[in-house]
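[1] Kindly generate the corresponding structure for this input.
(one chain, ligands or ions: 1)
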Amino acid sequence: MPKLIFLNKLSNAKMNVNVKSRALLVLCMILVAFKAAPPKKEFKGLKKVVIDAGHGGHDTGCLGSFSREKDVALAIALKLGEYIQKNFPDVEVIFTRDKDVFIGLDERAKIANSKQADLFICIHANSGSPAAYGSETYVMGQHKSEANLNVAKRENASILLEEDYELKYDGFDPNSPESYIALYLMQSAFLNQSLNFASKVQEQFRKLGRRDRGVKQAGFLVLYKTTMPSVLIETGFLTNKEEEKFLNDKANQEKMAGAIFTAFKEYKNELDKITQAALNEEEKKEHSEKKEGHQNPELYTYSHKENQPEAKQQNSPAKNKESEKGIVFRVQVLSSSNMLEINKKNFKGLEPVYEYMMNGRYKYAVGNETSYEKALKLQEEVKKKGFKDAFLIAFKDGKRISVKEAKELLNED
Ligand SMILES: [Zn+2]
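    Numbers count the residues shown, from 1 in each chain. A predicted model of the protein is given here:
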């Protein structure tokens, strides 16, 4: 469990800078400057998912006898997003399209990359001989069969409907096998995670009674350009009579979305557990550093006392411990390797601001909510103030715990 080194309630007190405190501040700044570089990786679990309904607008995707791929894909994508939003309010769901519009393949990947999503899910429907049926999930990688390459060729052919596609895709020809060799030279850093999620999706389709065609690899441009775990789901064949009927039925679309949602839930739980374990590991490291005297958080605390005499009482460690009983949710607004000045400008008028230190970084949070719902509302308000990446954190008796754990503890009461 990550331990809180210190937690100060700081008011917007006027700075009372005398010579002594200024000297102390300089000492602190020197200490901060010599501190080991903070770890670059922020362990945050699964917080953002991009759902990408294939095709759209003048790109209909493949055709069945009475339906179009773009419509089936959008219906399932929207349902999936709805399920995630309903069940995980702290996960941000981003749709590349939520209506019938055309979006280029590179644009879809750009959306996911710029949002720094943690998972990218493309939803499509397949085309083949009338006898072919079943669901399959693709991850980026070298195709093992001609059939897999053909699926990628068909999906990549969407770029032919984009303006200036030769320029945008560096002369990539979706129909030429040579074009795929260059794609395969780049090994995805997220292959294992993508495969993990893909196999969970297929497992759920199997439970739903769909024919499991397996997890496969091929060179999909839309996956190639993303910088996070990503999959492309071929939900079924519109060219198969039975499956076209199945995929166009609203209740079945909900079932398919539900299956992908269950896979998402399992994947997220796994990732959150790993994240928590990583946080624990960081905390252990932090403790050993403390023992060796590399960090002295008491010094930082003291500098606040000197600068802000009004906050003196609240800064005494005994008082802090007393005020930190039970489960508390806060909204983290900023994190910095340097100590920030607590003022209206830095925190856009939010107060009081709580400062604590973890993994060698100063973290700043607001709020003191005892219910998750109230904390979510506060998070929205904080986001509206301009802290777009603000997220929820939780404490138990002054110790940082995961939000999930805090919710579970509250439910037990
Ligand atoms: Zn498609």
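[2] Run a quick neighbour tally on the closest residue to the ion within the stretch 51-200 of the chain.
    At 3.4 Å from the ion, residue 124 is the closest residue in the stretch 51-200 of the chain, using Cβ to the ion. Using the backbone N, CA and C atoms, a C-beta is placed for each residue, glycine as well. When neighbours are counted by other Cβ atoms under 10 Å, residue 124 registers 28.
[3] so which helix or strand takes in it?
    Element membership for residue 124 (DSSP states H and E) is strand 119-126.
[4] mind checking how far that strand is from the chain centre?
    Computed by Cα atoms, centre = their mean, to the nearest Å, the separation of strand 119-126 from the middle of its chain amounts to 17 Å.
[5] re the thing from before, could you list every residue that touches the residue of the stretch 51-200 of the chain closest to the ion?
    Residues in contact with residue 124, defined by Cβ atoms under 8 Å, 6 or more residues apart in numbering, are 54-55, 61, 69, 73, 155, 232-235.
[6] list the contacts for the residue lying closest to it once chain neighbours are set aside?
    Spatial nearest neighbour of residue 124, excluding adjacent residues (Cβ to Cβ, 6 or more residues apart in numbering): residue 54 at 4.0 Å. If a contact means Cβ under 8 Å, 6+ apart, then residue 54 has 61, 69-70, 73, 122-125, 155, 158, 232 as its contacts.
[7] got the residues of the stretch 1-150 of the chain near the ion?
    Counting by Cβ under 5 Å from the ion, the positions of the stretch 1-150 of the chain adjacent to the ion are 54, 61, 124.
[8] do you know how far the closest residue in space to the second one that isn't next to it in sequence is from residue 196?
    Going back to what we said before, that points to residue 61. In space, and not counting its chain neighbours, residue 61 is closest to residue 69: 2.8 Å by Cβ to Cβ, 6+ apart. Here the criterion is Cβ to Cβ, to the nearest Å. By it, residue 69 lies 26 Å from residue 196.
[9] low-scoring stretches of this protein, by residue?
    Residues of the chain meeting the criterion pLDDT under 70: 1-43, 186-188, 286-323, 359, 413.
[10] could you say what helices and strands the helix ranked longest in it packs with?
    When the chain is parsed with DSSP state H, its longest helix is helix 250-291. Judged by 3 or more Cβ pairs under 8 Å, 6 or more residues apart in numbering; DSSP states H and E, the packing partners of helix 250-291 are helix 69-87, strand 119-126, helix 191-207, helix 241-248, strand 353-358.
[11] just to revisit the earlier point, quick one, which of residue 69 and residue 196 is more surrounded?
    Using other Cβ under 10 Å as the criterion, residue 69 and residue 196 rank with residue 69 on top: 28 against 19.
[12] Distance check, that one against residue 158.
    10 Å.
[13] Equivalent analysis for residue 119, please.
    Taking Cβ to Cβ, one finds residue 119 at 22 Å from residue 158.
[14] Please say which of these two ends up with more neighbours.
    residue 119 (25 against 22).
[15] How about the contacts made by the more buried one?
    Counting by Cβ under 8 Å, 6+ apart, residue 119 touches 46, 48-50, 197, 228-230, 264, 267.
[16] ranges for the strands of the protein?
    Remark: strands assigned in the chain by DSSP state E are 7-10, 48-53, 92-95, 119-126, 135-140, 212-218, 230-237, 327-336, 353-358, 361-369, 391-396, 399-401.
[17] Take those strands and write them to CSV, including distance to residue 278.
    As requested, the strands of the chain are arranged in CSV below (distance: least, Cβ to Cβ, whole Å):
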stretch, distance to residue 278
strand 7-10, 22
strand 48-53, 18
strand 92-95, 21
strand 119-126, 18
strand 135-140, 24
strand 212-218, 26
strand 230-237, 22
strand 327-336, 16
strand 353-358, 12
strand 361-369, 15
strand 391-396, 15
strand 399-401, 13
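[18] got the CA positions of stretch 203-223 in CSV?
    Only the C-alpha atoms of stretch 203-223 are listed here, as CSV (Å, rounded to 0.1, in the frame of the first residue of the first chain):
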residue,chain,number,x,y,z
GLU,A,203,-13.5,-16.3,-25.0
GLN,A,204,-16.6,-14.2,-24.4
PHE,A,205,-17.9,-14.7,-28.0
ARG,A,206,-17.5,-18.4,-27.5
LYS,A,207,-19.5,-18.2,-24.3
LEU,A,208,-22.2,-16.4,-26.3
GLY,A,209,-22.3,-19.4,-28.7
ARG,A,210,-20.6,-17.7,-31.6
ARG,A,211,-18.1,-19.7,-33.7
ASP,A,212,-14.6,-18.8,-32.4
ARG,A,213,-12.3,-18.3,-35.4
GLY,A,214,-9.5,-17.3,-33.1
VAL,A,215,-7.1,-14.6,-32.4
LYS,A,216,-5.2,-13.7,-35.5
GLN,A,217,-2.5,-11.3,-36.8
ALA,A,218,-2.3,-9.2,-39.9
GLY,A,219,-1.1,-5.8,-41.0
PHE,A,220,-4.0,-3.4,-40.3
LEU,A,221,-3.0,0.2,-40.9
VAL,A,222,-5.3,1.5,-38.2
LEU,A,223,-3.6,-0.7,-35.6
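[19] ok now it, how far from the chain's centre?
    22 Å.
[20] quick one: buried residues of that stretch?
    For stretch 203-223, a neighbour-count test (16 or more other Cβ atoms under 10 Å) marks 203-205, 210, 212-213, 215-223 as buried.
[21] re the thing from before, was I right about the residue nearest to residue 61 contacting residue 125?
    Yes - using Cβ atoms under 8 Å, residue 69 and residue 125 qualify as a contacting pair, with a distance of 4.4 Å.
[22] Mutual contacts of those two, please.
    The contact sets of residue 69 and residue 125 overlap at 54, 61-62, 238 (Cβ under 8 Å, 6+ apart).
[23] tally of neighbours for the closest residue to residue 379 other than its chain neighbours?
    Residue nearest to residue 379 in three dimensions, not counting chain neighbours: residue 331, with 4.9 Å by Cβ to Cβ, 6+ apart. Using other Cβ under 10 Å, residue 331 has 25 neighbouring residues.
[24] Tell me who's in contact with residue 331.
    So, once contact is read as Cβ under 8 Å, 6+ apart, residue 331 ends up touching 365-367, 375, 378-379, 382, 387, 390-393.
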